[in-house]
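[1] got a predicted structure here, sequence first:
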Amino acid sequence: QVQLVESGGGLVQAGGSLRLSCAASGRTFDSYAVGWFRQAPDKERVFVATINWSGGRTLYADSVKGRFTISRDNAKNTVYLQMNSLKPEDTAVYYCAARRGYAVSPATTYNYWGQGTQVTVSS
């Protein structure tokens, strides 16, 4: 069992930066891939980025490539999402999720989810 708690959301102007954190509790966190997803109002939850257990493999949605960076510190049981050059269309609730095995994009393959953190980007 893995419990996930997101933090770091907030209100930022377009062009600004935020760093989200996903803190995990439970055993063997370093055996899990962790992904970030987001859900805007009245839209489906979509994939943002994911990282494998070691941090050696990452995958990004095209919409965030070059602007967002996912990383992890297994000693701290934490995964980060550094978001730069933020745009109003990045506004959403951001969720982290964990799964055993490969770092992949489909949300349905993730077993454990946090409660989400709101990110609002003003124009």
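    Okay, I see it.
[2] chain neighbours aside, what residue packs nearest to residue 43?
    residue 92 (7.9 Å; Cβ to Cβ, 6 or more residues apart in numbering). For every residue, glycine as well, the C-beta is placed using N, CA and C.
[3] what bridges to the one you found?
    residue 119 (DSSP bridges).
[4] local confidence estimate at it?
    pLDDT recorded at residue 92 is 98.
[5] pretty sure residue 103 sits against residue 47.
    No. At 10.8 Å, residue 103 and residue 47 do not qualify as touching, with contact defined as Cβ atoms under 8 Å.
[6] could you list every residue that touches residue 6?
    Residues near residue 6 by Cβ atoms under 8 Å, 6 or more residues apart in numbering: 20-22, 94-96, 114-117.
[7] among those, which one lies nearest to residue 107?
    residue 95 (8.7 Å; Cβ to Cβ).
[8] from residue 75, how far out is that closest one?
    23 Å (Cβ to Cβ, to the nearest Å).
[9] got it, and residue 37?
    On the measure of Cβ to Cβ, residue 37 and residue 75 end up 25 Å apart.
[10] the more surrounded of these two?
    residue 37 (24 against 7; other Cβ atoms under 10 Å).
[11] A strand includes that one, no?
    Yes. Under DSSP: H, G, I helix; E, B strand; the rest coil, residue 37 sits within a strand.
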